[in-house]
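[1] return atomic coordinates for the entry below.
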Amino acid sequence: MYAIMRRLFIIIPLLSSISVFCQYNFYFGNIHSHTSYSDGNKDSATTGYNNPGGDYNYAKGSYHMDYLGIAEHNHYSSNNNPGMHVAHYPMGLYQADTANHTGSFVAMFGMEWGTISQGGHVVVYGVPQLIGWESGSGGWGPTNNYDIFCTKGDFTSFWPIVKNYPTAFCTLAHTQTNDYENLLDGAAYNAKTDSVIKGLAIRSGNAMSTTTNYTDPPATLYESKFLKALALGYHLGPTIDHDNHYTTFGRTNKGRTVVLATALNRDSIMAAYKAIRFYASDDWNAQVNFTINGKVMGNFITTGNSSISRCTGRSQRQYQQDRNILRQPRQRKQCHPLNFQYRQYIAELCAYHNHKHQLLLLCKDHPGRWRHHLDITDLDQPGCSSGSAGAYKIYRPATGRSDQIKLGN
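    This is a model prediction of the structure:
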């Protein structure tokens with residue numbers, strides 16, 4: 001399998017507001033945030049927001065927020081640090097159901113499982129009960145603080161629990177070296193684990209920001225971890241996690257995870273994450289569509305001679321900064337098929353990694369958008385050929401080598 005990702009820099013207004021080709025729409029949001037049910041809403045005394053229901057309503061008033069996922073820490077430790085109680089989990093699910101409105105706003109509720117000191121954090125959705133390890137009585141109460149037991153730091157047991165739920169998925173949060181039992185640092189590739197993990201936060205934070213006027217700079221970058229995961233063979237997409245602990249919910253900056261889904265409802269958003277149809281963007285208007293033979297991200301295709309094409313654009317949902325109303329930009333559409341026969345480059349890369357190398361296309365001119373890959377299998381390997389000089393870079397994660405190539409019209 002070859003993973004192809006492209007980071008695009010051209011912004012062109014599109015005729016249709018959020019349509020991508022014929023079957024998907026662009027939806028903007030975040031799935032990593034916290035409320036007072038764990039260690040969020042730290043400003044509740046002054047804001048009055050202190051539960052998921054209120055925070056979903058707050059996010060509905062934020063610019064360019066089609067969906068919000070609240071992922072509470074799965075354990076207690078101490079009050080508000082992180083302070084999760086097992087009884088809060090069904091309450092959060094209920095409040096998400098109440099705040100969810102098909103066609104206008106999607107509310108999701110899940111958990112952030114694990115601890116930084118013992119293996120790292122994983123954002124989880126689609127599991128209907130709390131997974132935890134705090135047994136017996138404690139600061140959390142008189143009984144077990146979980147519905148499903150899993151030893152702290154035991155990711156080997158954790159991934160199969162998530163896999164038991166057909167619609168569930170995980171994304172890796174602010175990944176550090178040796179996290180997840182050395183998942184990216186020495187552990188062998190595991191196909192079952194790969195089937196559960198769908199994303200990795202390429203930006204995360206600022207977790208403790210109190211900004212609510214969208215002026216924070218882009219958050220901490222974890223691109224090296226994302227490239228490492230691809231090089232090991234994991235099939236995942238890049239996310240932008242806000243990880244907010246104050247009542248900001250989409251208002252610290254313009255970074256969003258952009259989902260390609262058939263409709264603005266929870267099932268479609270969940271399915272898009274499950275299928276890895278999403279990308280990360282520091283621009284809350286950016287619409288990017290990158291296809292190979294007409295196939296969008298998340299598809300597995302077999303090819304030996306293909307055409308790469310791309311459309312980029314800006315959403316017609318650009319909000320005036322002083323008023324929460326819609327305005328229409330100039331209506332224009334421009335799509336350029338690149339007609340790039342990349343077969344020879346795949347062959348060259350194969351020589352380095354036994355026909356299983358990750359191919360990553362990056363634009364060197366714009367740091368603010370990441371476009372997820374498609375996975376390619378080339379059954380007919382031609383001879384090796386080096387790339388010509390140009391605007392784009394082929395990056396070989398496993399070897400550290402790179403070539404410059406030009407994609408022409």
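
[2] which residues are contacting stretch 91-110?
    Applying Cβ atoms under 8 Å, 6 or more residues apart in numbering, the external contacts of stretch 91-110 come out as 27, 29, 31, 35, 37, 51-53, 56-57, 59-60, 65-72, 123-128, 263-266, 269-270. Backbone N, C-alpha and C define where each C-beta goes, glycine included.

[3] average pLDDT across stretch 58-67?
    Here stretch 58-67 scores 97 as its mean pLDDT.

[4] tell me how far the ends of that stretch are from each other?
    Using Cα to Cα, to the nearest Å, one end of stretch 58-67 lies 12 Å from the other.

[5] what's the answer for stretch 166-175, then?
    25 Å.

[6] would you map the strands across the stretch 101-250 of the chain?
    For the stretch 101-250 of the chain, applying DSSP state E, counting those that start in this stretch gives strands covering 106-113, 121-125, 131-132, 148-149, 169-173, 197-204, 220-221, 237-241.

[7] okay, the ones you listed in TSV with mean pLDDT next?
    Below are the strands of the stretch 101-250 of the chain laid out as TSV (pLDDT from 0 to 100):
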stretch	mean pLDDT
strand 106-113	98
strand 121-125	98
strand 131-132	98
strand 148-149	98
strand 169-173	98
strand 197-204	95
strand 220-221	90
strand 237-241	92
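
[8] endpoints of stretch 157-172, how far apart?
    Start-to-end, stretch 157-172 (Cα to Cα) is 16 Å.

[9] so what touches that stretch?
    Here stretch 157-172 has contacts from 31-32, 113-114, 120, 122-128, 131, 148, 150-151, 179-180, 190, 192-193, 195-201, 225, 229, 236, 239, 241, 270-271, 273-274, using Cβ under 8 Å, 6+ apart.

[10] emit the PyMOL select command for whichever of the residues you listed are buried.
    To isolate the buried members of these in PyMOL, using 16 or more other Cβ atoms under 10 Å:
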select buried, resi 31+32+113+114+120+122+123+124+125+126+127+131+150+179+180+190+193+196+197+198+199+200+201+225+229+236+239+241+270+271+273+274
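
[11] ok, back up a step: so which of the strands of the stretch 101-250 of the chain is nearest residue 155?
    Evaluated with Cβ to Cβ, the strands of the stretch 101-250 of the chain place strand 121-125 nearest to residue 155, the distance being 7.7 Å.

[12] report the buried residues of stretch 220-234.
    Those buried within stretch 220-234 under the rule 16+ other Cβ under 10 Å are 222, 223, 225, 226, 227, 228, 229, 230, 231, 232, 233, 234.

[13] what about the first one, distance to residue 148?
    Remark: distance between residue 222 and residue 148 (Cβ to Cβ, to the nearest Å) = 28 Å.

[14] same question for the fifth one.
    Here the criterion is Cβ to Cβ. By it, residue 227 lies 33 Å from residue 148.

[15] picking that back up, out of the buried residues of stretch 220-234, who's nearest residue 207?
    residue 222 (13.3 Å).

[16] was I right about the closest one contacting residue 201?
    Yes - if you go by Cβ atoms under 8 Å, residue 222 and residue 201 touch, sitting 5.9 Å apart.

[17] what do these two both touch?
    Common neighbours of residue 222 and residue 201 (Cβ under 8 Å, 6+ apart) are 174, 175.

[18] helices of the stretch 101-250 of the chain, start to end?
    155-163, 179-182, 191-196, 223-231 (DSSP state H, counting those that start in this stretch).

[19] packing partners of the third one?
    Applying 3 or more Cβ pairs under 8 Å, 6 or more residues apart in numbering; DSSP states H and E, we find helix 191-196 packed against helix 155-163.

[20] go ahead and confirm residue 214 touches residue 255.
    No - contact between residue 214 and residue 255 fails when scored by Cβ under 8 Å: they sit 9.7 Å apart.

[21] so between the two, which is more surrounded?
    residue 255 (27 against 17; other Cβ atoms under 10 Å).

[22] contact partners for the more buried one?
    Contacts for residue 255 (Cβ under 8 Å, 6+ apart) come out as 203, 218, 219, 240, 242, 280, 281, 282, 284.

[23] which residue sits closest to it, ignoring its sequence neighbours?
    Setting aside the residues directly before and after it, residue 255 is nearest to residue 240 in space (Cβ to Cβ, 6 or more residues apart in numbering), at 4.3 Å.

[24] any idea how far that neighbour lies from residue 296?
    19 Å.

[25] next: residue 85.
    Counting by Cβ to Cβ, the gap from residue 85 to residue 296 is 41 Å.

[26] sorry, back to before: who has more neighbours out of residue 240 and residue 296?
    When residue 240 and residue 296 are compared for neighbours, residue 240 comes out ahead with 29 against 18, by other Cβ under 10 Å.

[27] need the contact list for the more buried one.
    When contacts are counted by Cβ under 8 Å, 6+ apart, residue 240 touches 30, 201, 202, 203, 204, 219, 255, 256, 257, 280, 281, 282.

[28] would you format the strands of the stretch 101-250 of the chain as a markdown table with distance to residue 95 included?
    As requested, the strands of the stretch 101-250 of the chain are arranged in a markdown table below (distance: least, Cβ to Cβ, whole Å):
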| stretch | distance to residue 95 |
| --- | --- |
| strand 106-113 | 7 |
| strand 121-125 | 15 |
| strand 131-132 | 20 |
| strand 148-149 | 21 |
| strand 169-173 | 21 |
| strand 197-204 | 24 |
| strand 220-221 | 29 |
| strand 237-241 | 21 |
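
[29] turn the buried residues of stretch 220-234 into JSON lines, including pLDDT and distance to residue 140.
    Output for the buried residues of stretch 220-234, formatted as JSON lines (pLDDT from 0 to 100; distance: Cβ to Cβ, whole Å):
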{"residue": "222", "pLDDT": "92", "distance to residue 140": "31"}
{"residue": "223", "pLDDT": "83", "distance to residue 140": "37"}
{"residue": "225", "pLDDT": "92", "distance to residue 140": "32"}
{"residue": "226", "pLDDT": "85", "distance to residue 140": "35"}
{"residue": "227", "pLDDT": "77", "distance to residue 140": "39"}
{"residue": "228", "pLDDT": "85", "distance to residue 140": "36"}
{"residue": "229", "pLDDT": "87", "distance to residue 140": "33"}
{"residue": "230", "pLDDT": "79", "distance to residue 140": "38"}
{"residue": "231", "pLDDT": "75", "distance to residue 140": "40"}
{"residue": "232", "pLDDT": "84", "distance to residue 140": "36"}
{"residue": "233", "pLDDT": "81", "distance to residue 140": "39"}
{"residue": "234", "pLDDT": "86", "distance to residue 140": "34"}
